[in-house]
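[1] kindly return the folded structure for what I paste below:
(one chain, ligands or ions: 1)
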Amino acid sequence: MPSISTKGANMPESPIRKLVSFAEKAYKANKKVYHLNIGQPDIKSPQIAMDAVASHHLEILAYTRSEGSEPYREKIAAYYQRNNIMVNADELIVTTGGSEALLFAMGSIADVGDEIIIPEPFYANYNGFATASGVTIVPVISKIEDNFALPPISEFEKLITPRTKAILICNPGNPTGYLYSQEEIETLAKIVKKHDLFLVADEVYREFAYDNLKHFSILEAKGIDENAIIIDSVSKRYSMCGARIGCLVSKNKEVMKTALKFAQARLSPPTFAQIASEAALETPQSYFDDVITEYKGRRDILIEKLEEIPGVQVGHPKGAFYCIAQLPIKNSDAFAQWLLEEFDLDGETIMVAPAAGFYSSPGVGLNQIRIAYVLNKESLIRSVEILKAALKEYKD
Ligand SMILES: Cc1ncc(COP(=O)(O)O)c(C=O)c1O
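    Next up is the predicted model:
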């Protein structure tokens, strides 16, 4: 049999999706499964976006420009300017989700064997994108005990080698919910300036900041126009994960020229989804106000209930809609599978994402899970009841 590539063999499974077959078995056994594993919000997409697609009569569903349709890019630039991120339409490329923007960014700035420093735990698919790009992730550890705050500069500087090309952050963070302060972003800006590195910020959760805290973008920091690359997406902002639309933003012309070649190779981002995403930019602020209030309420009840379980430690998210919970168990992979295969509380169980896949350091996060609070409050309360009962029964 012809053999597959080493790179393919090394591609990690997504911890968010790898237990799907066990969830399917649970459905077949008539169990109700609460999905805490995946960041698929239950929030309705803005009606204005759905209407735009329904009322748009195209005779040919054609390609658009590789960098995305012109009117859409103009409107995205206006959106950034409203958010104090001073870019124009030439400084962004529309991509097939934030996922493709991450791939284009890695492809544009790093060669095989180059290193990118990422505070861990981090969005699990960074492991996959790095493997696909031949890039080595060098983790800098942020700890649940410190609520995942940015480690001191000295920790970053210790890790910089001649092969380091970038620091990648996720702000607000998936899976930690950590929101970097302006001061922390300015600290990172100083490091990348000093060592001539790129600073890549995945800002797909920009709007999701709680407790009256304000997101501070890397493109608001002074003096790093040549270093900064933003990864963005409509998936979470407008609860439009299925649109598969994101973008890559940079004021660095060489980065944009290079990323455009990757974009040309895949021809164009999806046309109908750009129509929906362009319309979504007209979403009124009241939509976000409601959504943020809803997520904040969910976060508060989830954290409160989780902390009532003996032996459970939880990071306190300030943004996005995830948290990491440390459980009194040894191996959350086995626990998550057991929850689906063997456990139920009156016919109901939960699906969680084992957190080890959100780290690149071997053996770290084994007793942690990631919870996405994308379900309504009643479902979250019930899910925590199920978790509590499961922890009482589980032996590892
Ligand atoms: C931090 C982060 N970045 C990027 C993505 C990719 O999103 P998409 O490709 O749907 O835009 C996700 C999805 O969950 C995410 O959580």
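[2] check contacts around L380.
    Applying C-beta atoms under 8 Å, 6 or more residues apart in numbering, we find L380 in contact with R298, I301, L302, K305, Y373. For the C-beta atoms, the positions are set from N, CA and C on the backbone; glycine is no exception.
[3] now rank those by neighbours and give me the top one.
    Neighbour count (other C-beta atoms under 10 Å) singles out Y373 as the most crowded of the contacts of L380, with 28 neighbours.
[4] excluding covalently adjacent residues, which one is nearest to that residue?
    In this structure, Y373 finds its nearest non-sequential neighbour in R298, 4.3 Å apart by C-beta to C-beta, 6 or more residues apart in numbering.
[5] before we move on, which element is the one you found in?
    R298 is part of helix 285-307, with elements assigned from DSSP states H and E.
[6] could you point out which element follows that helix?
    Once the chain leaves helix 285-307, the next helix or strand it forms, by DSSP H and E, is strand 313-314.
[7] just checking: what are the partner strands of that next one?
    strand 322-326 (antiparallel) (DSSP bridges).
[8] may I have the strand it pairs with exported as CSV, CA atoms only?
    The C-alpha coordinates for strand 322-326 follow below in CSV (Å, rounded to 0.1, in the frame of the first residue of the first chain):
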residue,chain,number,x,y,z
TYR,A,322,-14.8,29.2,27.1
CYS,A,323,-13.2,28.2,30.4
ILE,A,324,-10.6,25.7,31.5
ALA,A,325,-11.7,23.5,34.5
GLN,A,326,-9.2,21.4,36.4
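[9] now the element after that strand, going C-ward?
    helix 332-341.
[10] for that following helix, which outside residues touch it?
    Contacts of helix 332-341 (C-beta under 8 Å, 6+ apart): 19, 22-23, 25-26, 31, 33, 37, 327, 329, 349-356, 365-369, 390, 394, 396.
[11] which ones are touching whichever residue of the stretch 1-150 of the chain sits closest to the ligand?
    Relative to the ligand, the nearest point of the stretch 1-150 of the chain is G97 (2.6 Å; C-beta to the nearest ligand atom). By C-beta under 8 Å, 6+ apart, the contact set of G97 is S233, S235, R244, I245, G246.
[12] the fourth one: how many residues sit nearby?
    Number of residues near I245 (other C-beta under 10 Å) recorded here: 31.
[13] also the third one?
    When neighbours are counted by other C-beta under 10 Å, R244 registers 19.
[14] mind listing what's buried in stretch 18-32?
    K18, L19, F22, A23, A26, K31, K32 (16 or more other C-beta atoms under 10 Å).
[15] to the chain's geometric centre, what's the distance from that stretch?
    Offset of stretch 18-32 from its chain centre (C-alpha atoms, centre = their mean, to the nearest Å): 25 Å.
[16] returning to that earlier point: got the angle for the helix holding R298 vs strand 322-326?
    Using axes from the mean of the first three to the mean of the last three C-alpha atoms, to 10 degrees, the direction of helix 285-307 lies 10 degrees away from that of strand 322-326.
[17] did I read that right, A356 in a helix?
    Yes: A356: assigned to a helix according to DSSP: H, G, I helix; E, B strand; the rest coil.
[18] the bottom helix or strand of the chain by mean pLDDT?
    helix 153-159 (a mean of 89; mean pLDDT, DSSP states H and E).
[19] beyond that one, next helix or strand please.
    Counting by DSSP H and E, the next helix or strand C-terminal to helix 153-159 is strand 164-170.
[20] average pLDDT across whatever helix or strand comes next after that next one?
    Downstream of strand 164-170, the next assigned helix or strand under DSSP H and E is helix 182-195. Helix 182-195 shows a mean pLDDT of 95.
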